[in-house]
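Trainee: need the 3D shape of this:
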Amino acid sequence: MSEMKTAYLKVQYLDGTMQRFEYARAEEKTNVAERIREMLQTGTLVLQIPGPNRLLVIPFSSIRSIEVVPPPPKMPGVVIKIVREMEQP
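Mentor: The predicted structure is shown next:
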């Protein structure tokens, strides 16, 4: 039986606003590489939001960055691993 964990997405928009979305995920079943590939092909971040049940489609053209916390256990091959953020000079 897979263990459910809570994670969140932090979406930073080009206009400076930010939204956080919490979700539960099963560690073993998460195929992040495939989901990232599909999102890049469609150019959208698609989220199903309960209460009231709705589908939110966010075009990448309006997104500055997406942060996933904690990172998934299986990373896509394009990820540069164990990077430390540095202050700007």
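
Trainee: outside of the helix or strand of the chain with the lowest mean pLDDT, which residues touch it?
Mentor: When each helix and strand of the chain is scored by mean pLDDT, DSSP states H and E, helix 32-42 comes last, with a mean of 80. By Cβ atoms under 8 Å, 6 or more residues apart in numbering, the residues outside helix 32-42 that reach it are 45-46, 60, 72, 74-77. Placement of C-beta: from N, CA and C, glycine included.

Trainee: at 7 Å what do you get?
Mentor: For helix 32-42, the surrounding residues in contact (Cβ atoms under 7 Å, 6 or more residues apart in numbering) are 45, 72, 74-77.

Trainee: can you flag the buried ones in those residues?
Mentor: Taking 16 or more other Cβ atoms under 10 Å as the criterion, what is buried in the contacts of helix 32-42 is 45, 72.

Trainee: narrow the contacts of helix 32-42 to those in strands?
Mentor: In strands, defined here by DSSP state E, the members of the contacts of helix 32-42 are residue 45.

Trainee: specify which member of the contacts of helix 32-42 is nearest to residue 6.
Mentor: Nearest to residue 6, judged by Cβ to Cβ, of the contacts of helix 32-42 is residue 72 at 13.1 Å.

Trainee: model confidence for that closest one, exactly?
Mentor: According to the prediction, residue 72 has pLDDT 76.

Trainee: tally of neighbours for the spatially closest residue to residue 70 that is not a sequence neighbour?
Mentor: Among residues not flanking residue 70 along the chain, residue 7 sits closest, at 6.0 Å (Cβ to Cβ, 6 or more residues apart in numbering). Residue 7 has 16 neighbouring residues, counting by other Cβ atoms under 10 Å.

Trainee: residue 49 versus residue 7, what's the distance?
Mentor: To residue 49, residue 7 is 15 Å away according to Cβ to Cβ, to the nearest Å.
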